[in-house]
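Asks: What would the 3D arrangement of this be:
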Amino acid sequence: MNINDQIVLDKKTATGEKVGRIVAVSISKKKGIPKSNVSSAKLIENHGIEGDIHAGKWHRQVSFLALESIDKMRAKGLPGLRPGAFAENITTEFLTLPEIEIGTRIKIGSNAELEITQIGKECHDKCAIFVKVGDCVMPREGIFAKVIKSGNIKINDEIRIIN
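Replies: Below is the predicted model of the structure:
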């Protein structure tokens with residue numbers, strides 16, 4: 001077992017519940033651009049992240065991508081990629097996001113609750129990342145959710161799968 005395996009094992013509760021954490025929170029005012037990292041944000045019920053262009057009354061209010069997915073793209077020749085570069089709102093660690101089923105509820109921090117609504121997405125226009133390395137993980141490994149219960153979130157908050 002390597003050190004990374006140990007870290008993942010440490011991120012499970014005594015009952016085996018998977019627990020992740022927020023590595024970054026990112027928002028933008030325009031579509032089609034990398035998002036800017038912020039230290040915290042407010043999730044608004046049935047809307048999304050306050051101040052983010054993708055918020056609204058639809059099923060993709062909040063997007064997630066794992067740091068592990070970003071690392072895959074760094075290994076393909078883009079070492080400078082940062083959280084938010086794929087236009088994801090929440091960058092996670094310690095969760096295998098594409099394995100979380102649609103309809104699953106997650107809790108972030110002390111109050112916020114979301115429901116997973118979509119795994120991956122169709123990429124109509126090839127993004128700058130795809131053009132540079134011939135691949136992009138967001139269409140396969142990004143997930144989307146709607147906000148069920150409002151709450152404030154911040155970097156290092158725990159993400160718990162609650163059903």
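Asks: For the protein, just list every one of the strands.
Replies: Assigned by DSSP state E, the strands in the chain fall at 19-27, 36-38, 40-44, 48-49, 62-66, 90-93, 105-108, 112-119, 143-149, 151-154, 158-161.
Asks: Reformat those into CSV and put distance to Gly77 and mean neighbour count next to each item.
Replies: In this view, the C-beta of every residue, glycine as well, is placed from N, C-alpha and C. Compiled in CSV, the strands of the chain are given as follows (distance: least, Cβ to Cβ, whole Å; neighbours: other Cβ atoms under 10 Å):
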stretch, distance to Gly77, mean neighbour count
strand 19-27, 22, 21
strand 36-38, 23, 14
strand 40-44, 31, 19
strand 48-49, 30, 26
strand 62-66, 18, 25
strand 90-93, 20, 24
strand 105-108, 32, 21
strand 112-119, 26, 19
strand 143-149, 25, 21
strand 151-154, 32, 17
strand 158-161, 29, 18
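Asks: now for these, which one comes closest to Gly84?
Replies: Distance to Gly84, taken as Cβ to Cβ, is lowest for strand 19-27 among the strands of the chain, at 3.4 Å.
Asks: My guess is Gly51 contacts Ile27. True?
Replies: Yes - using Cβ atoms under 8 Å, Gly51 is in contact with Ile27, at 5.4 Å.
Asks: Need the overlap of contacts for those two.
Replies: Ala41 (Cβ atoms under 8 Å, 6 or more residues apart in numbering).
Asks: beta partners of Gly151?
Replies: In this entry, Gly151 is beta-bridged to Leu43, by DSSP bridges.
Asks: what about it, distance to Arg74?
Replies: To Arg74, Gly151 is 31 Å away according to Cβ to Cβ, to the nearest Å.
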